[in-house]
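1. Have a look at this fold, sequence not included:
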């Protein structure tokens with residue numbers, strides 16, 4: 001599949017590259033890059049972070065530039081409505097207790113662990129703050145989830161998004 005991943009975290013971008021390497025993958029870190037690609041390219045799947053720093057080019061006002069904003073939802077809407085990506089997910093590593101934008105996802109889902117996809121303009125869309133897709137990894141292999149006992153015994157583990165599990169859940 002042709003996949004776009006948008007996340008401002010270098011670790012999460014690296015995890016996407018490691019976990020989704022068998023796909024035609026494009027990974028970007030800014031709203032401007034994601035927006036431009038969605039207006040010039042077609043993707044089967046768009047996976048986006050929820051909270052990313054606002055940019056001067058797309059969000060305008062200097063008072064917001066660099067501040068974390070829930071603009072990932074607009075990338076998802078652009079992917080679903082304008083470019084008709086078959087699958088779209090907004091995926092945040094915050095939970096409903098730590099950010100109000102993440103809390104807004106709760107109304108769309110049965111539970112944080114079992115988000116429910118819905119359809120927008122023919123795209124299957126998922127809004128998820130599910131912790132089950134946040135895992136601990138060996139920093140040398142961001143494609144292999146560490147078991148609880150293994151990461152508790154180590155001091156060099158990395159917390160990152162499990163893009164592969166999210167994709168499997170979304171595509172079914």
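-> Perfect, I can see it now. Remember, predicted model here, so these are calculated numbers, not experimental data. Numbering: from 1, shown residues only.
2. This structure: strands as residue ranges?
-> 2-6, 24-28, 45-48, 52-53, 68-69, 87-91, 118-120, 123-128, 134-138, 141-145, 158-161 (DSSP state E).
3. Partner strands of the fifth one and their direction?
-> What it means is strand 68-69. In the sheet, strand 68-69 lines up against strand 52-53 (antiparallel) (DSSP bridges).
4. Quick one: residues in contact with the partner strand.
-> With C-beta atoms under 8 Å, 6 or more residues apart in numbering as the test, strand 52-53 has contacts from 6-8, 30-31, 65-69, 71-72. Every residue, glycine included, has its C-beta placed from N, CA and C.
5. what's the answer for stretch 132-152, then?
-> Identification of contacts with stretch 132-152 by C-beta under 8 Å, 6+ apart yields 11, 14-15, 17-19, 21, 91, 93, 113, 154, 156-166, 169.
6. can we see that at 7 Å?
-> Here stretch 132-152 makes contact (C-beta atoms under 7 Å, 6 or more residues apart in numbering) with 14-15, 18-19, 91, 93, 113, 156-162, 165-166.
7. ok now that stretch, how far from the chain's centre?
-> Taking the mean of its C-alpha atoms, stretch 132-152 sits 18 Å from the chain's own mean (C-alpha atoms, centre = their mean, to the nearest Å).
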